[in-house]
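Trainee: need the 3D shape of this:
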Amino acid sequence: QVQLVESGGGLVQAGGSLRLSCVASGRTFSMYAMGWFRQAPGKEREFVAAVSRNGVTILYEDSVKGRFSLSRDNAKNTVYLQMNSLKPEDTAVYYCAAGARVARRNNEYLYWGQGTQITVSS
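Mentor: Numbering: from 1, shown residues only. Down below sits the predicted model:
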């Protein structure tokens with residue numbers, strides 16, 4: 001089992017920045033690829049970004065490329081999502097997830113955090 005706890009959410013104005021953190025506990029963090037997903041009200045959960053176990057491969061959803069940056073620190077059991085130039089359409093609950101391999105589909109991930117709310121005001 002892996003427990004995931006996200007933090008760093010909040011309210012920010014358009015154009016602002018936030019950094020999300022996801023701390024993992026339980027089994028060895030470096031065994032898992034990590035992903036970030038988001039879900040806006042009335043919409044399905046969608047892929048945001050993911051990183052491979054060793055941090056070499058990073059995937060981004062097209063709408064966040066150039067604005068969001070994903071990284072992981074295996075020594076701290078933590079994955080980060082730096083979000084810059086935030087837009088109102090980025091408003092959602094953001095979830096981190098752990099899985100066997102880096103992937104865009106949410107059904108590839110085995111463990112999920114509780115989520116953290118991001119609200120971007122215009």
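
Trainee: going by C-alpha atoms from here, please, whenever you check contacts or count neighbours.
Mentor: Fine.

Trainee: identify each buried residue in stretch 110-122, please.
Mentor: Neighbour-count burial for stretch 110-122, with 16 or more other CA atoms under 10 Å as criterion, is recorded at Trp112, Gly113, Gly115, Thr116, Gln117, Ile118, Thr119, Val120, Ser121.

Trainee: no wait, stretch 56-76
Mentor: Residues of stretch 56-76 classed as buried: Ile58, Leu59, Tyr60, Val64, Phe68, Ser69, Leu70, Ser71, Arg72, Asn74 (neighbour count, 16+ other CA under 10 Å).

Trainee: returning to that earlier point: inside helices: which ones of the buried residues of stretch 110-122?
Mentor: For the buried residues of stretch 110-122, membership in helices holds for none, with DSSP state H as the criterion.

Trainee: what about those, which are in strands?
Mentor: Among these, the members found in strands (DSSP state E) are Trp112, Thr116, Gln117, Ile118, Thr119, Val120, Ser121.

Trainee: okay if I get the buried residues of stretch 110-122 as a markdown table plus distance to Val5 and pLDDT?
Mentor: Supplementary listing: the buried residues of stretch 110-122 in a markdown table, determined by distance: CA to CA, whole Å; pLDDT from 0 to 100:
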| residue | distance to Val5 | pLDDT |
| --- | --- | --- |
| Trp112 | 9 | 98 |
| Gly113 | 5 | 97 |
| Gly115 | 8 | 97 |
| Thr116 | 9 | 97 |
| Gln117 | 13 | 98 |
| Ile118 | 15 | 98 |
| Thr119 | 19 | 98 |
| Val120 | 21 | 98 |
| Ser121 | 25 | 97 |
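
Trainee: skipping its backbone neighbours, what lies nearest the residue positioned nearest the centre of the chain in space?
Mentor: The geometric centre of the chain, computed from its C-alpha atoms, lies nearest to Trp36 (CA atoms, centre = their mean), at 2.5 Å. Once flanking residues are discounted, Trp36 sits nearest to Cys96: 4.5 Å by CA to CA, 6 or more residues apart in numbering.

Trainee: ok, now Arg27?
Mentor: Spatial nearest neighbour of Arg27, chain neighbours left out: Val2 (5.7 Å); criterion: CA to CA, 6+ apart.

Trainee: alright, I will stop here.
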